[in-house]
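Undergrad: What follows is a predicted structure for the sequence shown.
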Amino acid sequence: MDIGLENRNENQSDTTTIQLHRGEPDETMIPFDLISKASQEILTDEKGKHERTYWAYAPDEGNMELRHHIVNLLRQTSAISTLSYENIFITNGISAILDQICTMFLRAGDTILVECPTYLYALQIFRDHHLHIISYTVDDDGLIIDSKFINEVLERAKPKMIYLVPTFQNPAGFTMSHHRREQLVQLSLKYHFLILADEAYHFLDYEKKDENDNEQNDEKLIEHPKSFASYHAAGTVIALHSFSKILTPALRLGFVCASHEHVIAMGHYGLIHSGGGANPFISGIVDRILAEGSLKQFIDEKLCIEYGKRMRVLYNELMRTFGEKYISCRRPSGGYFLWVKFNDTTVDCDQLLSIARKYGVTFKSGRLFAHDEEAKAQLANCLRLCFAIVDCEQLREGCARLKQAFEEYKNITL
Ligand SMILES: Cc1ncc(COP(=O)(O)O)c(C=O)c1O
């Protein structure tokens, strides 16, 4: 079965294909200057040289100063004021903590509920733990919470955990509404399940209101729901964050926001305790970047401006070249991805992909984001495009190639 586990570096030397399947930043968006300055500092200044937590085993929950700085970052960027450093646990990124949480809180055969579609590599982690995966439908407001969900999922299937990508979802680009978040937290207390909120794209908000700017045209700007981190006191919510999309994935650093009890439990995990917390040296570098105070500015002025531009270019280009006659596409207001659905339900995006490769463009086909055959069949006419990986010119060219591939596909099959 193709589960989409391609060799990530396989096509590195292929510079002619426009690789819109990769969910990664391109090199021009990595803040080498910030990382280089912070690294130099901890290697050379007196405080850095004598800070044992950079060089030896760190506290189990992670570098204390970094945890304080993360609280400040969330206060400044996301208006969350209830968190303390005791609610923050440093991780080796979202992937690592997903695996740790499955080991700590679940057993083989336990039921986990995911969105349909969902982040494909999380599915692989859940499969590695032999979990019983079920999925439920989403709409523009995220996971649908209706009587069927309560009766058939919560009462009958009794999931121990619900995994969500609530904001600028990978792959479908929606953001879960505030009302649904509140409902789900209430239900988690009643039905005793954990909410794992994967907030990998939380900071990449291209249409957010700037509270300090009165000149902004308020009608166009959207007040996005707060991070699930703001529900830490419920005791049933674990919000997963990462530096992968705001600095670079190679740092392998992230953090969890959760109840203090969950933070302590995660620190007691054998792997973490034996290794002295997650990634102490890199934690030192990221701590210096946060202490310096320019990360928020980098996110707002570089990432959000450029990625926002790329998102609009690809969306407009897709709608211009294909049009509503052929596709529907949700216009996200953040994140990395556009989710395209062909109106003709017989379109098979796996077949389209093999033609698209000939034309020099790639995407991820919808089936990869579903866990079972029924869900795969529902997503067969969908595809995901990443607009973060190449510049606007390449996005326009990629879209033109996709249209050529679709024309050939139509001639052969439709
Ligand atoms: C929804 C989602 N979660 C997690 C990850 C991986 O995060 P990390 O690099 O922190 O392991 C990604 C990366 O693409 C993602 O899209």
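TA: Alright, I've got the coordinates.

Undergrad: Can you give me the end-to-end span of stretch 174-181?
TA: Taking C-alpha to C-alpha, to the nearest Å, stretch 174-181 runs 13 Å from one end to the other.

Undergrad: I'd like the numbering to begin with 14 instead of 1 from here.
TA: Okay, residue one is now 14; in that scheme the one you just asked about reads as stretch 187-194.

Undergrad: got a list of contacts for that stretch?
TA: Under the criterion C-beta atoms under 8 Å, 6 or more residues apart in numbering, residues 151-156, 158, 177, 179-182, 237-239, 241, 244, 343, 345-347 lie in contact with stretch 187-194. (Each C-beta comes from the backbone N, C-alpha and C, glycine too.)

Undergrad: Show me how to select, in ChimeraX, the buried members of those.
TA: Taking 16 or more other C-beta atoms under 10 Å as the burial criterion, the selection of buried members of those in ChimeraX is written as:
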select :151,154,155,156,158,177,179,180,181,182,237,238,239,241,244,343,345,346,347
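
Undergrad: Now do the buried residues in the longest helix seen in the chain.
TA: As far as residue count goes, and with DSSP state H defining each element, the longest helix of the chain is helix 405-426. Buried positions in helix 405-426, judged by neighbour count with 16+ other C-beta under 10 Å: Q407, L408, R409, G411, C412, R414, L415, K416, Q417, A418, F419, Y422.

Undergrad: again, but for stretch 203-219
TA: By 16+ other C-beta under 10 Å, the buried positions in stretch 203-219 come out as 206-219.

Undergrad: Any part of it near the ligand?
TA: Yes: applying C-beta under 6 Å from any ligand atom, one finds stretch 203-219 touching the ligand at D211, A213.

Undergrad: what's the least confident helix or strand in the chain by mean pLDDT in contact with?
TA: Each helix and strand of the chain was given a mean pLDDT (mean pLDDT, DSSP states H and E); the minimum falls on helix 59-63 at a mean of 77. Counting contacts by C-beta under 8 Å, 6+ apart, the residues outside helix 59-63 that touch it are E54, I55, L56, Y67, G297, R301.

Undergrad: now with 6 Å?
TA: Helix 59-63 is contacted by residues E54, I55 when judged by C-beta atoms under 6 Å, 6 or more residues apart in numbering.

Undergrad: can you check stretch 205-214 too?
TA: 107, 172-181, 201, 240-241, 249-255, 258, 348.

Undergrad: got the contact list for E406?
TA: With contact set as C-beta under 6 Å, 6+ apart, E406 has no partners.

Undergrad: How many residues are close by I259?
TA: 23 (other C-beta atoms under 10 Å).

Undergrad: How about the contacts made by it?
TA: By C-beta under 6 Å, 6+ apart, the contact list for I259 reads F216, I312.

Undergrad: if we can go back for a sec, could you give the mean pLDDT of the longest helix of the chain?
TA: Here helix 405-426 scores 96 as its mean pLDDT.

Undergrad: Chain neighbours aside, what residue packs nearest to the residue most central in space within the chain?
TA: The centroid of the chain falls nearest to A213 when counting by C-alpha atoms, centre = their mean (3.2 Å). Setting aside the residues directly before and after it, A213 is nearest to S255 in space (C-beta to C-beta, 6 or more residues apart in numbering), at 5.2 Å.

Undergrad: what mean pLDDT would you report for the host helix or strand of F268?
TA: Secondary structure assigned from DSSP states H and E places F268 in strand 267-270. When pLDDT is averaged over strand 267-270, the result is 98.

Undergrad: Alpha carbons of it, as PDB, please.
TA: C-alpha atoms of strand 267-270 as PDB (Å, rounded to 0.1, in the frame of the first residue of the first chain):
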ATOM      1  CA  GLY A 267       9.100  22.200  19.500                       C
ATOM      2  CA  PHE A 268       7.100  22.500  22.600                       C
ATOM      3  CA  VAL A 269       3.900  21.300  24.200                       C
ATOM      4  CA  CYS A 270       1.400  23.400  26.100                       C
END
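
Undergrad: who touches it?
TA: Counting by C-beta under 6 Å, 6+ apart, the neighbours of strand 267-270 from elsewhere in the structure are 83, 100-104, 106-107, 110, 242, 245, 251-255.
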